[in-house]
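Enquirer: coordinates only, no sequence provided:
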């Protein structure tokens with residue numbers, strides 16, 4: 001498994017591995033049988049985020065992927081719909097950790113892969129906000145110096161400020177403009193449906209958000 005991964009940044013190399021040799025992100029919950037265990041003990045479930053880590057990530061300015069302390073730049077790994085509304089259900093990370101996630105995570109690099117929710121622990125919680133379960137086909141690494149927290153259904157969401165850099169990836173490589181545009185078009189009806197339920201003002205705002213996001217789509 002490791003041989004198929006992109007080059008591991010030093011911070012990723014320091015993470016524990018699962019039985020396949022795949023590095024286990026800091027946010028992942030480990031289980032001893034069906035009970036949560038200390039990080040690195042037992043078996044990791046990549047689908048389950050450790051709820052205690054989110055608070056630490058915010059308070060201690062820690063990378064969501066490696067757990068190390070970040071500097072002034074924050075890199076969010078998001079999908080195209082989040083690039084439009086500038087929100088994320090997950091905290092940011094280091095630039096190299098976010099890029100590794102966007103180019104190594106099976107769900108983010110395989111457009112046809114679907115989330116496996118079988119046998120999830122009973123107390124597993126969905127992330128805050130409106131969570132889209134679709135595979136967007138492309139991943140965005142959005143680098144910014146600041147964000148804000150906003151209370152949302154089920155918890156909080158991260159409201160992302162203007163970017164210093166925006167990178168797009170598809171199938172583990174740099175994405176083309178056509179690939180990003182196709183992903184935006186396929187997910188757009190989901191955002192439109194939500195905006196229309198909220199009224200004309202919400203729809204007008206959504207259209208402005210889309211126009212703003214398109215400025216950060218790769219050039220031809």
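Expert: Structure's in. What do you need? Predicted model, so just to flag it, every value in this text is computed and none were measured.
Enquirer: strands along this structure, start to end?
Expert: Using DSSP state E, the strands of the chain run over 28-32, 35-37, 43-49, 74-78, 87-88, 139-144, 147-152, 155-160, 163-170, 173-174.
Enquirer: pull out the buried positions in the second one.
Expert: By neighbour count, with 16 or more other Cβ atoms under 10 Å as the criterion, the buried positions of strand 35-37 are residue 36. Every residue, glycine included, has its C-beta placed from N, CA and C.
Enquirer: any regions of this protein where pLDDT drops low?
Expert: 1-3, 107, 109-134 (pLDDT under 70).
Enquirer: what packs against the longest helix seen in it?
Expert: Ranked by residue count under DSSP state H, the longest helix found in the chain is helix 177-198. If you count contacts as 3 or more Cβ pairs under 8 Å, 6 or more residues apart in numbering; DSSP states H and E, helix 177-198 packs onto helix 80-85, strand 163-170, helix 200-214.
Enquirer: what is the burial count for residue 6?
Expert: Neighbour count for residue 6, taken as other Cβ atoms under 10 Å: 14.
Enquirer: the closest residue in space to it that isn't next to it in sequence and residue 97, how far apart?
Expert: Leaving aside its sequence neighbours, residue 6 sits nearest to residue 103 (Cβ to Cβ, 6 or more residues apart in numbering; 4.9 Å). Distance, residue 103 to residue 97, by Cβ to Cβ, to the nearest Å: 11 Å.
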